[in-house]
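Visitor: Sequence first, then the predicted structure:
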Amino acid sequence: MTVLLASLLGLLVGSFLNVVIHRVPLRESIVWPASRCPKCGAKISPLDNIPLISYVLLRGKCRSCGVGISTRYSAVEALTGLLFGAAAYRFGLGVELTGALVLIAVLVALAGIDLEHRLLPNIIVGPAALAGLALSVLAAPAAWWVYVLSAVAVAGGLLGLALVYPGGMGMGDVKMGGMLGAYLGPYAALAVFMGALAGALVGGALIATGRMQRRSAMPFGVFLAFGGLVVLFAGREMWSLYLDFAGGA
């Protein structure tokens, strides 16, 4: 039941994240006006704003102008719902689950914005980092310093890379790395590694198929979000496997 409720909550949160992804880069309010079609400006009624269901019933088109609705909206809703349900199954009820749900929502929003606008807004990253520190301290009060140190260390490491390779990483990525440290503690370094690995693989594939130039910029925030989600769910197990492998070797 908890997993089902979390999944339904995730669908609703995903619908709101679509508003965030669309409006924050444009410096528009995320609470007013009500949801509107980005093409014709017609107000979207509550019945046409039900996550996933409305998209199917409307056959992916605006009721007023008939213009197609981006599949990104349904993808964000479905992904957030699935991740919320998985988090409820993984962590159970408690402060740890709250922190996981907040991190998931933030990472989905940042990935969506970075993919479309090559931007990681401070107005999301900053408050999210503070929320992450607060939730992490609530979950493990005795280890509060670990999360503070992790946030500073990961951000500092990425800042060093940004200074050495200024074309490969932006300050938004640096701040996002620090935010991951606030939620994941020392495992944030593993998240950065996983993100960098995923980025290298995807970039290599795109270059090999001629779909991207060798010096083209990539939205690294998307891959940081991917690494953060992987480590959120499996970071401890991955690190244990590595230690077992290293010890056996």
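Guide: Looks like it arrived, so ask away. From a predicted model like this one, the values you see are computed outputs, not experimental measurements.

Visitor: Would you map out the domains in the protein?
Guide: Domain ranges of the chain: 1-93, 125-249, per automatic domain parsing.

Visitor: Let me know which of the ones you listed is the nearest to residue 107.
Guide: domain 125-249 (4.1 Å; CB to CB). (Each C-beta comes from the backbone N, C-alpha and C, glycine too.)

Visitor: How about the secondary structure of the spatially closest residue to residue 89 that is not a sequence neighbour?
Guide: Leaving aside its chain neighbours, residue 89 sits nearest to residue 3 (5.0 Å; criterion: CB to CB, 6 or more residues apart in numbering). Per DSSP: H, G, I helix; E, B strand; the rest coil, the secondary structure class of residue 3 is helix.

Visitor: tell me the contacts of residue 3?
Guide: Neighbour list for residue 3: 85, 88, 89 [criterion: CB atoms under 8 Å, 6 or more residues apart in numbering].

Visitor: Let me see the ranges of the helices in this structure.
Guide: Here the chain has its helices, by DSSP state H, at 2-23, 53-57, 71-91, 95-117, 122-139, 144-164, 171-184, 188-208, 220-248.

Visitor: Can you give me the buried ones in the first one?
Guide: So that's helix 2-23. 6-7, 9-11, 13-22 (16 or more other CB atoms under 10 Å).

Visitor: And for the third one?
Guide: By neighbour count on 16+ other CB under 10 Å, the buried set for helix 71-91 is 73-74, 76-81, 83-88, 91.

Visitor: next one: the fifth one
Guide: Using 16+ other CB under 10 Å as the burial criterion, the residues of helix 122-139 that qualify are 124, 125, 128, 129, 131, 132, 133, 135, 136, 137, 139.

Visitor: I'd like the mean pLDDT over it, please.
Guide: In this model, helix 122-139 has a mean pLDDT of 96.

Visitor: What are the contacting residues of it?
Guide: With CB under 8 Å, 6+ apart as the test, helix 122-139 has contacts from 20, 24, 94-96, 98-99, 102-103, 106, 109-110, 113, 144, 147-148, 151, 172, 175-176, 178-179, 182-183, 185.

Visitor: okay, the angle between that helix and helix 220-248?
Guide: 40 degrees (axes from the mean of the first three to the mean of the last three CA atoms, to 10 degrees).

Visitor: Helix 122-139 to helix 71-91, inter-axis angle?
Guide: 10 degrees.

Visitor: Just the angle for helix 122-139 relative to helix 171-184, thanks.
Guide: Using the same axes, to 10 degrees: helix 122-139 against helix 171-184 is 20 degrees.

Visitor: Let me have the buried residues of helix 122-139 in TSV, extended by distance to residue 204.
Guide: Compiled in TSV, those are given as follows (distance: CB to CB, whole Å):
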residue	distance to residue 204
124	29
125	28
128	30
129	31
131	35
132	32
133	35
135	36
136	35
137	40
139	38
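
Visitor: Before I go, just wanted to say thanks for your time.
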